[in-house]
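[1] Quick one: sequence and predicted model below, then my questions.
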Amino acid sequence: MKLLTANRLNDGRVIYLGEADQVVETIDAAYPLDADAAQAALAQAQSRPAVFVNPYLIEVEGRTPSGRDRLKESIRSLGPSVGHSLDFAARSETA
Amino acid sequence: MYRYDEFDSALVRERIAEFSDQVDRRSRGELTEDEFKPLRLMNGVYLQLHAYMARIAIPYGVMNSRQMRRLAHVARTYDKGYGHFTTRTNIQFNWPALQDLPAILSDLADVEMHAIQTSGNCVRNVTTDVLAGVADDEIEDPRPWCEIIRQWSTIHPEFSFLPRKFKIAVIGAEKDRAAIRTHDVGLQIVRGRDGQAAFRVFVGGGQGRLPHIAQEIASEVPGRSLLAYLTAILRAYNLLGRRDNIHKARIKILVAAVGLDAFREEVERQFAVLSQEDLRVPDEELTRIKAYFAPPPFAELPAQSAAHDAARRLNPEFARFVRINVRSHRQPGYAAVVISLKPTGGVPGDITADQMEVVADLARLWSFDEVRASYEQNLVLPHVRLDDLHAVWTRLREAGLATPNADLATDIIACPGLDYCTLANARSIPVAQALSRQFADLDLQERLGPLRINISGCINACGHHHVGHIGVLGVDRKGEEYYQITVGGSPDEQAALGEIVGRSLPSEEVAPAVARALDRYLEVRLTGETFIDTVRRLGADPFRTAIYEPIDAAA
């Protein structure tokens, strides 16, 4: 199966195509697509440039990235694995 | 430091207005991403894995406290409270929103900062010796020449669409503290036959996929001819450089392909037909620019400070900091302080907004309002009284900025890698953190002595792994992160590319492998011999054996 992902135009954040053409921020809310549906979704995302920047399809098993770019897509879905971004997230949660 | 004149201010403000309009049009869908991308890149804006990234220029690495404080404001207001200093002495913010970018640039313009030419196929931020105007081996301060090159190259109509990016570094001493031979053009100030500053010129250096050490193309270009000579080099490159293959478009490929002598002939042909007078820096302008970099009003002080000596005697931790992070100053009674942005287990080059404000305070109070970024991803307070070192250290320590590891094993240069970068094949930061923890013991680091470890997350080599004494390059093997190790690289006046010592290793094996190589160094070194000198004497084989013998035995 595949998921459709992109960066969001206004803030560059990672987004996915969810159910009923919703734009969702987490991979868990992304809508799995078979090969035909994936191509159609890609074409539709490309026609929504005010939201989707550089949309493309990723391979998944369930909603876990698979295939050659699985590490990159995992990092995209979870955020940086190290560093001040994590500190920031931790501070935000405790604030 | 240099202050904007009315031309600089107008240029930066006009560019912000133009970019603001472009952002608005992009937001309204009037520009496609393909149309917008080259425009945002001209303003230092990338789209990375998780967000936009804004790269801000710090010309030749020099800032005042107001500028550093404004960077803290940007980090806190528009980002996640931190920034990342790069090997081009720029700073990157990893999380700005598109609509905030004009406001960020406007806030920065208030303090004479901008993002022009921090990306794109143009002349990038000129870098220099972080100890310019400090080191006593200097023939002349390189910063005025950096400023002249900055002014000449900024939005230069002929050189705004080069075959590829173009990086220039300038040093004023024989000792190379700016890695000039890894640059497209490296300039070393020498004393000309007429007693005036002249330039030894190196060309065709660069890292990336096809690394080259720059070669000497001219031994003594007079200062008055510098811009004409640079123009001739860039014109030759602009005309002859390849544009059909991005991987073969840098000047290093051109110089290697045609040969240094043929390239020199072409440069001299261009040089001969240039209008020299038009490109000559007027004497009064040179004097005006040099005045901005005149030494600050130092006090007349003895070379020794009793208070400083006593503080060192009483506090071994402070004494270690002085030993490792403090550099001598040409002015008696003063020193330069390296502020390491490499805490144990930290992210090389990262600094929080709070820390930026501490550094700004220290610069204002104790370093004539000046702080510098080094290409090693650290900061430097260039002019601190010996009497004040203990107070500076105390404040740095409170802020988590007093790690005594400058130029030691944990002073690691690393790119952001796959945690942020779309180009990366593998993560750099976790490997840097593992190495940092592996060598956290300060006594061990001192025993190992000067040592540079460089890590890049892909072959583009933003972490300068080719010229690390030990280099680590992340590679992708069927979707898994692996790391290739090189030994014997050097960025200085004995510049050399490291030798790949064997097959790539999984992430968790890198730090132990480097530890074995350094254990071997401690066994085989001669008295007082640094790691790189040992590699130069013995070659890479002893270290290759140390790294792979246990792995091969276990296989």
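    Cool, the structure landed.
[2] Tell me where the stretch 351-500 of chain B has helices.
    Using DSSP state H, counting those that start in this stretch, the helices of the stretch 351-500 of chain B run over residues B:353-366, B:389-398, B:429-438, B:442-448.
[3] Let me have those helices in CSV, extended by mean pLDDT and mean neighbour count.
    In short, each C-beta sits where N, CA and C put it, glycine included. Listed next are the helices of the stretch 351-500 of chain B as CSV, based on pLDDT from 0 to 100; neighbours: other CB atoms under 10 Å in any protein chain shown:
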stretch, mean pLDDT, mean neighbour count
helix B:353-366, 98, 21
helix B:389-398, 98, 19
helix B:429-438, 98, 22
helix B:442-448, 98, 15
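[4] Pipe these into a markdown table and attach distance to chain A per row.
    Below are the helices of the stretch 351-500 of chain B laid out as a markdown table (distance: least, CB to the nearest CB, whole Å):
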| stretch | distance to chain A |
| --- | --- |
| helix B:353-366 | 10 |
| helix B:389-398 | 18 |
| helix B:429-438 | 5 |
| helix B:442-448 | 22 |
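[5] can I get those helices in JSON lines with distance to B:H114?
    As requested, these are exported to JSON lines (distance: least, CB to CB, whole Å):
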{"stretch": "helix B:353-366", "distance to B:H114": "18"}
{"stretch": "helix B:389-398", "distance to B:H114": "29"}
{"stretch": "helix B:429-438", "distance to B:H114": "28"}
{"stretch": "helix B:442-448", "distance to B:H114": "38"}
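[6] nearest to B:V258, of those?
    Taking CB to CB, helix B:429-438 is the member of those nearest to B:V258, at 37.9 Å.
[7] which helices and strands sit right next to that closest one?
    The contact analysis (3 or more CB pairs under 8 Å, 6 or more residues apart in numbering or on different chains; DSSP states H and E) places helix B:429-438 against strand B:413-414, strand B:453-456, strand B:470-477, helix B:507-524.
[8] Give the other helices and strands that the longest one contacts.
    Here helix B:507-524 is seen to pack against helix B:429-438, helix B:442-448, strand B:470-477, strand B:480-487, helix B:531-538, helix B:541-554 when contacts are counted using 3+ CB pairs under 8 Å, 6+ apart.
[9] Neighbouring strands of the third one in the sheet, and parallel or not?
    Taking DSSP bridges as the criterion, strand B:470-477 sits next to strand B:453-456 (parallel), strand B:480-487 (antiparallel) in its sheet.
[10] who's in contact with that strand?
    When contacts are defined by CB atoms under 8 Å, 6 or more residues apart in numbering or on different chains, strand B:470-477 is touched by residues A:68, B:417-418, B:424-428, B:431, B:435, B:451-459, B:461, B:463-465, B:481-487, B:489, B:498, B:504, B:510, B:514, B:517, B:531.
[11] Give me the distance from it to the chain's centre.
    In terms of CA atoms, centre = their mean, to the nearest Å, the centre of strand B:470-477 is found 20 Å from the chain centre.
[12] Send me that strand as CSV with only the CA atoms.
    Taking C-alpha atoms only, strand B:470-477 is exported to CSV below (Å, rounded to 0.1, in the frame of the first residue of the first chain):
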residue,chain,number,x,y,z
ILE,B,470,39.2,11.2,11.1
GLY,B,471,36.3,11.5,8.7
VAL,B,472,32.9,9.8,8.9
LEU,B,473,30.6,9.7,5.9
GLY,B,474,27.0,8.4,6.1
VAL,B,475,26.0,6.1,3.2
ASP,B,476,22.8,4.3,2.3
ARG,B,477,23.0,0.5,2.0
